[in-house]
Every structure is written in structure tokens, then in C-alpha cells.
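> Whatever this is, show me its structure:
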Amino acid sequence: MRRDARINGSCHTDDEYRPKAEEHRAESLVRRFDGLPGLTAKIRHTAAKIGGGSTPDITLSSRAIAIHVDTQSASAVEQQLRAHVPLSLAVLTMTTTS
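Just a heads-up that it's a prediction; the model follows:
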């Protein structure tokens, strides 16, 4: 579904805002990592596949955060990140069980 928004009399589409919003979220996340000892975070421009079915080869421009931790291996960082319940799942679980 395509949505249009009018800002200052100009018409803009979701497609124009999506990359800007992703960039803003990525920059916000990288700023959270600034100043943490032994940790570096950088924004990487990526391409994300939108799915299978009738569009298996279609990709969209996206963003990723590359995290480097000086004191741990990549697999150790991955295990720690995967050990936590994602916030969206935690909220969903709390909402459905209350």
C-alpha cells in the first residue's frame, strides 16, 4: 500500500521517507554505543531481500549496524546478543498473558 504525505505543500511518498527513517534509527543506535570502552559501531548500507514467492530477486536499500568489540570474539558477542528476549517479543508476551 502506497501512502503519500504532504509536508509544506509538497507530496512525498513512503519510499522517500523509508531510507531517511532507517538512517535516523541507525544513527541513533550508533550514538548509543559512542563512548563505550572497547566497542565500535558503524552504519553499513545493505540490500535486503523482500521475500520469496513472486519477488525472490527483489531487494530494497537498507541499513545495518556493524559492531566490533575489542575484548570478545564475534561468536561470543553473538551468543550474548541472542541470549536476550527481543523487546517486541517481551512486550507481546506480557500483553497476551495479562
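> which residues of this protein fall in helices?
Listed in chain order, the helices found in the chain under DSSP state H are 14-33, 74-82, 87-97.
> show me where pLDDT drops low in the protein?
Where the chain drops to pLDDT under 70, the residues are 1-18, 85-98.
> ok, 50 please
Counting by pLDDT under 50, the ranges of the chain that qualify are 1-7.
> Okay, and the beta partners of the nearest residue to V77 once chain neighbours are set aside?
What sits nearest to V77 in space, not counting adjacent residues and going by CB to CB, 6 or more residues apart in numbering, is V69, at 5.2 Å. C-beta here means a position set from N, CA and C on the backbone, and glycine is covered the same way. Under the criterion DSSP bridges, V69 forms beta bridges with L39.
> Could you count how many residues lie near V69?
Per other CB atoms under 10 Å, the neighbour tally for V69 reads 15.
> what does the one 4 residues further on give?
Using other CB under 10 Å, S73 is surrounded by 9 other residues.
> Please apply the same query to L36.
L36 has 10 nearby residues by other CB under 10 Å.
> Tell me how far it lies from K49.
Note on L36: its distance to K49, by CB to CB, to the nearest Å, is 32 Å.
> wait, what's in contact with the closest residue in space to H45 that isn't next to it in sequence?
Closest residue to H45 apart from its sequence neighbours, by CB to CB, 6+ apart: R63 at 6.5 Å. R63 is in contact with E22, E23, R25, A26, I43, R44, H45, T46, counting by CB atoms under 8 Å, 6 or more residues apart in numbering.
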